[in-house]
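S.K.: Next comes the sequence, and after it the predicted model I'd like to discuss.
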Amino acid sequence: MATREEIADALSGMTLFGDLATPQLVGVASRFEEAFFAEGARILRQGLTGSAFFVILDGEAAIVVDGVQRATLGRGDYFGEVSILLGEPPTADVVALRPLRCVALPGADVEAFLIEHPRVLFRMLQAQSRRLRNANRARS
Amino acid sequence: MADPQRPFPPGTYPVIVIGSGPGGLQVAYELNRRGVEHAVLSADSGPGGMFRRWPFFQRLLSWTKPYASTDRNSRAFERWDWNSLLAEESELRGLQTEFMDGSSDFPSRPEMEASLTAFAERSGITVRYDCRWESTRRDDTAEGPRFTLTTSDGEYVCEHLILAVGIAEPFSPATPGIEHAVHYADTRAAETYAGRRLFIIGKQNSGFELASGLLQWASRITLASPSPARTSIETRSLVGVRARYVQPFEDSALGGGVDILSASVAEISRVAGAIRVDLKRSDNGMPVSLDVDEVIAATGFTCPLLDLPALGVATFGQARLPAQSAFWESATVPGIHFAGTITSGSAGLKKHGIPSYSGAVQGHRYNARILVERLAAKHFGVERPRTAIALGDLTDLVLDEATNAPELWHQKGYLARVVTVSPDDGIRDDGTVPLTHFLDTGGPDGIAITIEADGQGAIYPVAYIRRGTKIDEHALEPHPLHEFKGAPFRRQVGALLDLIAPGASAG
């Protein structure tokens, strides 16, 4: 993975960005920055301010709360948005389970990005709604 | 007798450094200083790296303020000097000030090159110049991996390879018709653009450097890339186009012959008497087309890592930066280390979107020192002294560092000054290390102090307190003059220090 066009291609296959046309995807790809994390590296740190929004291009990561693994994430999954939207530090670590490639957008840029890309905002809202429904089902 | 003009003949060395720009020179200085045997090889014919060629126009993007401190030979002066390399000897410090003619706080390219050359000469750094690294082999031996480098002068073998080769390989995207463009690296003399319609692909500093330099020559200038350009004034960091290059923005805003577009280049083609550039707007995908005389691809550079990716060195991003550990070792091939601008591939936390300043001399010069400190301790038995600190001095040390430490001010949220406390060892100065190392590695109770910025304009110290396995972040209040020594700071830091070293606040 390297160029903007290659990243745009990768994003086009993801539900979150699935509604965007190619020029918009290239714009998204040049706004986000690619990042690589070795196995075992921490990407989000529980309790630390100033983190970013990440979308996984390749690899696998674990959500870890107080040292306990809660879930795993893979290609097309994203994380970090909840703490950014709420303006609070993350409540979990995210740790690379094997080498992980992501694209990242700084927290401060997320609001403007979502407002400029309402289709992405809609897809994110849909995903959050699904999570909320599943959490409610689990509780009832 | 070895030829003094051609030191480091082919052979086996514990450490081999490649590169003679600021990164390579700083590493060589640090290795010399610690008595670590090594060889320095460079494809260039003299010191200076990228500053032998770039920037084309005007001056550097990094300043040195000769009168900012009464003592140009002090550590404190480093904060006001983005360009000089680091030295322990006072006569080698702040060298850039000697090579400035007083017309600007931004040295010219030849002034920077002269300062680097003087540093290499006066500090006794030897380099085998005109020796080009061509390929690499890795052999796993009983003692660990060994790297064999084939060069234009023969074969070299080493245990530790330190690459300071810059982000210097011109990169052009695979846009149809890109052959009608020349890369930034091949920009001609300014006057040859007189009266020409110029199209620049890319809205980073290199694109705006050319636009600024050619304002008086070109008949029209258009810059385009898919995302909107931002200035460092808007981002309140070194992210974005630097203040030195804002004139094209003003010209664009006033309709003065410069156009700055958010669009991707769909195709470049030759038509009668012109080069046609077909664009697609990023906002609505609508086509835009224009005819120009010149197209320059200011589309950046990649790392010239040759065959290292085939040896397993993972890279990322358009610049193909190698993925690195906190201490700038390849994340995937131990034994290969990096110095100079390439260390920006060890991204750190990027809190609030603020990157390290490792892409510039004022940032990576500290990385080089820490890298060699680590390497020398781990592999060559040269330990950095861990000075004992009296309980009563702890608060002062932390507040002094927060107010003055050039390492922390130049590498915000990236490098941290660490003090640890343990029953066996007492209170020890653990020096300056990458913040992620302190956060992720564990160790005795301690404090890491950083300077951070929130991207909104505030700059403030942050104390990370480690107790057992838990680390808490405590941001101090910003101060309008960035002086963090007054009573409120003393109280706040004292209370935090009491958590790890009871009684510290009484100091």
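M.R.: Structure's in. What do you need? Keep in mind that what you see is a predicted model, and the values were worked out from it rather than measured. Residues are numbered from 1 along each chain as shown, chains lettered A, B, ... in the order given.
S.K.: Please make it C-alpha for all contacts and neighbour counts, starting now.
M.R.: OK.
S.K.: Residue B:448 belongs to a strand?
M.R.: Yes - applying DSSP: H, G, I helix; E, B strand; the rest coil, one finds residue B:448 inside a strand.
S.K.: And for it, nearest residue in space, chain neighbours not counted?
M.R.: residue B:418 (4.4 Å; C-alpha to C-alpha, 6 or more residues apart in numbering or on different chains).
S.K.: thought that neighbour was touching residue B:444?
M.R.: No - at 11.0 Å, residue B:418 and residue B:444 do not qualify as touching, with contact defined as C-alpha atoms under 8 Å.
S.K.: So between those two, which is more surrounded?
M.R.: residue B:418 (23 against 16; other C-alpha atoms under 10 Å in any protein chain shown).
S.K.: Can you classify that one by secondary structure?
M.R.: Residue B:418 - assigned by three-state DSSP - is strand.
S.K.: Might you report the residue contacts of residue B:337?
M.R.: Contact analysis of residue B:337 by C-alpha atoms under 8 Å, 6 or more residues apart in numbering or on different chains lists B:160-163, B:328-330.
S.K.: for chain B, what spans make up the helices?
M.R.: B:22-33, B:109-122, B:205-214, B:232-235, B:247-253, B:361-379, B:394-404, B:406-410, B:435-441, B:487-500 (DSSP state H).
S.K.: Next, the angle helix B:394-404 makes with the last one.
M.R.: In this structure, helix B:487-500 runs at an angle of 130 degrees to helix B:394-404, with axes from the mean of the first three to the mean of the last three C-alpha atoms, to 10 degrees as the basis.
S.K.: Contact residues of the stretch 51-200 of chain B facing chain A?
M.R.: residue B:173 (C-alpha under 8 Å from any C-alpha of the partner chain).
S.K.: before we move on, back to that, roughly how far apart are the residue nearest to residue B:448 and residue B:431?
M.R.: 6 Å (C-alpha to C-alpha, to the nearest Å).
S.K.: ok, now residue B:171?
M.R.: 38 Å.
S.K.: Comparing these two, which residue is more hemmed in?
M.R.: residue B:171 (19 against 16).
S.K.: still on that earlier bit, next one, pLDDT for the residue nearest to residue B:448 please.
M.R.: For residue B:418, the model assigns a pLDDT of 98.
S.K.: For chain A, see how far away it is.
M.R.: Shown here: residue B:418 relative to chain A, a distance of 18 Å by C-alpha to the nearest C-alpha, to the nearest Å.
S.K.: okay, now the residue of the stretch 51-200 of chain B found nearest chain A: neighbour count?
M.R.: Nearest residue of the stretch 51-200 of chain B to chain A (C-alpha to the nearest C-alpha) works out as residue B:173 at 7.6 Å. For residue B:173, the neighbour count with other C-alpha under 10 Å is 15.
S.K.: just the one 3 residues further on next, same as before
M.R.: When counting by other C-alpha under 10 Å, one arrives at 12 neighbours for residue B:176.
S.K.: One more: the one 3 residues further on?
M.R.: Taking other C-alpha under 10 Å as the neighbour definition, residue B:179 ends up with a count of 13.
S.K.: Check residue B:272 too.
M.R.: Quick note: residue B:272 (other C-alpha under 10 Å) scores 7 neighbours.
S.K.: how long is stretch B:169-188 from one end to the other?
M.R.: End-to-end for stretch B:169-188, by C-alpha to C-alpha: 18 Å.
S.K.: Up against chain B, what does chain A have?
M.R.: Near chain B, when you scan chain A using C-alpha under 8 Å from any C-alpha, you find A:1-4, A:21, A:23-24, A:26-28, A:30-31, A:33-38, A:42, A:47-52, A:105-108.
S.K.: quick one: residue B:207 and residue B:300 touch, right?
M.R.: No - assessed by C-alpha under 8 Å, residue B:207 is found out of contact with residue B:300, at 9.1 Å.
S.K.: For the two, list the residues in contact with both.
M.R.: Common neighbours of residue B:207 and residue B:300 are listed as residue B:184 (criterion: C-alpha under 8 Å, 6+ apart).
S.K.: Tell me which residues are up against the helix or strand of chain A with the lowest mean pLDDT.
M.R.: None of the helices or strands of chain A scores lower by mean pLDDT, DSSP states H and E than helix A:22-31, at a mean of 88. Residues outside helix A:22-31 that contact it (C-alpha under 8 Å, 6+ apart): A:4-5, A:7-9, A:11-12, A:17, A:105, B:226-227, B:263-264, B:280-285.
S.K.: what about the nearest residue to residue A:39 once chain neighbours are set aside, which helix or strand?
M.R.: Spatial nearest neighbour of residue A:39, excluding adjacent residues (C-alpha to C-alpha, 6+ apart): residue A:98 at 4.3 Å. Using DSSP states H and E, residue A:98 falls within strand A:93-106.
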